[in-house]
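[1] Fold the following and give me the result.
(chains A, B, C and D)
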There are 2 protein chains.
Amino acid sequence: MSTQAPAPTRREQILKEAARLFAERGFHGVGVDEIGAAVGISGPGLYRHFPGKEAMLAELLVGISGRLLTGGKQRAAEASGQERDPGAVLDSLVRGHIDFALDDRPLIILHDRELDRLRDTDRKLVRSLQRQYVELWVQVVREVHPRLAEPEARACVHAVFGLLNSTPHLSRPGALPGRAATAELLHRLALGAFRAAADGSGQ
Amino acid sequence: MSTQAPAPTRREQILKEAARLFAERGFHGVGVDEIGAAVGISGPGLYRHFPGKEAMLAELLVGISGRLLTGGKQRAAEASGQERDPGAVLDSLVRGHIDFALDDRPLIILHDRELDRLRDTDRKLVRSLQRQYVELWVQVVREVHPRLAEPEARACVHAVFGLLNSTPHLSRPGALPGRAATAELLHRLALGAFRAAADGSGQ
DNA sequence: CAGCGGCGTTAGTGGTCGTTAACCTGGTGG
DNA sequence: CCACCAGGTTAACGACCACTAACGCCGCTG
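    Residues are numbered from 1 along each chain as shown, chains lettered A, B, ... in the order given. Take a look at the predicted model:
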């Protein structure tokens, strides 16, 4: 890869540590002094980089929602030469989401846990990005499984997100098989769930 | 049914409202005055019923973990006449968990979100109950799908919990099909996920 | 070399929150 | 009728916390 960790800026350090702490103890459970200490500066020094504690959370949530969406759009687009194969697109979406869940565990946790701590305007933005991401999935799922009506497809997508996002919640990471095996397992679980939902009431 | 809502005691009112508020805004995000106001008394009056705010959370989490476990044990036991059918047991476990997730949404949310706000002793108790519940599922899943090794089965169970617990997270309940339809859909998703995981790498 | 702006620091400050203290009140049993 | 107790009340206290103020250091740039 050409991107070789180009010396993380202070802002990025702060965001990374804030994400970890917020995920561990909750937004209200972490003080600014702790965040500062985690990057080697203390307390109010953070205000040289962010206008406030909530701004950090907002940037984290907008960031991850945006990256999920753009990643999803990209995968949906690049797999669509003429004669696009919907199954391959869904496959790619699932794999991309799994990579996210396994590599950015704190962000995935924050993403559906601390959304309500945002100001109205930020929360609306994040929700909009999340909604677009869901709709992207719904569309692809319905191409692969045309028997699924739209509300059912949307419910399935939400449920599968719950499935894919479940791994970060495990306290000790050692409880899982290796990363590759876990990814493969989640992949099978997700696709199997969609297929079972689409196979109608007759099993 | 013979149980016809036998006049909820004050303690029960408090627990119910506290569960709702904790689920909405997080343990640290809710003040004791709000909890009091939600049941018509104000602030410190709660201390006639609980030794502190954390005791409410502890009772909620121990309560739900315990009820999940005893419910699961019961279902596993009653389905096991001689010639027990593992598929039916798993079916029953899934249905029972879905009922819980759909009927006690706040508790399900708290259950995997605010565990870390407990004192050591309470947290250990809850974790122990959760672990037993997981192991119960793992055992049944491996009877139904013997090809699954134990670590994989455990990972699958965690993931399916994530799937089943995903519905409470949806902000507006109106986004789903009716309760029965949602339950049926979740049931198919869960069993389909297990089956797909067990069907090995060949799809 | 002067000055200035980025990036810290420490010392407050106002507000919130969990908890305790002290007091009140209506029903109940001796 | 009186004592008591369960279950409230309001007032206050101490800790904590996000944020601001005032100041200091240091590497640029002109």
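[2] which stretches of chain A form helices?
    Taking DSSP state H as the test, the helices found in chain A are A:10-25, A:32-38, A:53-78, A:86-103, A:105-111, A:120-144, A:150-164, A:179-198.
[3] can you put those helices in JSON lines and add mean pLDDT?
    Converted to JSON lines, those look like this (pLDDT from 0 to 100):
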{"stretch": "helix A:10-25", "mean pLDDT": "97"}
{"stretch": "helix A:32-38", "mean pLDDT": "98"}
{"stretch": "helix A:53-78", "mean pLDDT": "97"}
{"stretch": "helix A:86-103", "mean pLDDT": "97"}
{"stretch": "helix A:105-111", "mean pLDDT": "95"}
{"stretch": "helix A:120-144", "mean pLDDT": "97"}
{"stretch": "helix A:150-164", "mean pLDDT": "97"}
{"stretch": "helix A:179-198", "mean pLDDT": "97"}
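[4] can you put those in JSON lines and add distance to B:K53 and mean neighbour count?
    Placement of C-beta: from N, CA and C, glycine included. Shown next, in JSON lines, are the helices of chain A (distance: least, CB to CB, whole Å; neighbours: other CB atoms under 10 Å in any protein chain shown):
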{"stretch": "helix A:10-25", "distance to B:K53": "16", "mean neighbour count": "19"}
{"stretch": "helix A:32-38", "distance to B:K53": "21", "mean neighbour count": "17"}
{"stretch": "helix A:53-78", "distance to B:K53": "22", "mean neighbour count": "18"}
{"stretch": "helix A:86-103", "distance to B:K53": "32", "mean neighbour count": "19"}
{"stretch": "helix A:105-111", "distance to B:K53": "23", "mean neighbour count": "22"}
{"stretch": "helix A:120-144", "distance to B:K53": "26", "mean neighbour count": "17"}
{"stretch": "helix A:150-164", "distance to B:K53": "29", "mean neighbour count": "23"}
{"stretch": "helix A:179-198", "distance to B:K53": "37", "mean neighbour count": "21"}
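[5] Compile the ones you listed into JSON lines and extend it with columns for distance to chain B.
    Converted to JSON lines, the helices of chain A look like this (distance: least, CB to the nearest CB, whole Å):
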{"stretch": "helix A:10-25", "distance to chain B": "7"}
{"stretch": "helix A:32-38", "distance to chain B": "14"}
{"stretch": "helix A:53-78", "distance to chain B": "12"}
{"stretch": "helix A:86-103", "distance to chain B": "10"}
{"stretch": "helix A:105-111", "distance to chain B": "9"}
{"stretch": "helix A:120-144", "distance to chain B": "8"}
{"stretch": "helix A:150-164", "distance to chain B": "3"}
{"stretch": "helix A:179-198", "distance to chain B": "2"}
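[6] and of those helices, who's closest to DNA strand C?
    Minimum separation from DNA strand C across these (CB to the nearest atom of the strand) falls at helix A:10-25, 4.8 Å.
[7] and that closest one, what other elements does it pack with?
    Judged by 3 or more CB pairs under 8 Å, 6 or more residues apart in numbering or on different chains; DSSP states H and E, the packing partners of helix A:10-25 are helix A:32-38, helix A:53-78, helix A:105-111.
[8] need the helices of chain A in TSV with distance to B:I41, can you?
    Formatted as TSV, the helices of chain A follow (distance: least, CB to CB, whole Å):
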stretch	distance to B:I41
helix A:10-25	30
helix A:32-38	34
helix A:53-78	32
helix A:86-103	43
helix A:105-111	34
helix A:120-144	31
helix A:150-164	37
helix A:179-198	45
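[9] Using CSV, lay out the ones you listed together with distance to DNA strand C.
    Shown next, in CSV, are the helices of chain A (distance: least, CB to the nearest atom of the strand, whole Å):
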stretch, distance to DNA strand C
helix A:10-25, 5
helix A:32-38, 6
helix A:53-78, 12
helix A:86-103, 27
helix A:105-111, 21
helix A:120-144, 18
helix A:150-164, 29
helix A:179-198, 33
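[10] shouldn't A:Q130 be in contact with A:V62?
    No: counting by CB atoms under 8 Å, A:Q130 stays clear of A:V62, with 10.6 Å between them.
[11] quick one: contacts for the closest residue to DNA strand C within chain A?
    Relative to DNA strand C, the nearest point of chain A is A:G45 (3.1 Å; CB to the nearest atom of the strand). Applying CB atoms under 8 Å, 6 or more residues apart in numbering or on different chains to A:G45 gives the contacts A:G36.
[12] Kindly recompute the last result at 10 Å.
    Contacts of A:G45 were listed using CB atoms under 10 Å, 6 or more residues apart in numbering or on different chains, and they are A:10, A:14, A:32, A:35-36, A:39.
[13] returning to that earlier point: in CSV: the helices and strands packed on helix A:10-25, plus distance to A:R25.
    Shown next, in CSV, are these (distance: least, CB to CB, whole Å):
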stretch, distance to A:R25
helix A:32-38, 9
helix A:53-78, 13
helix A:105-111, 11
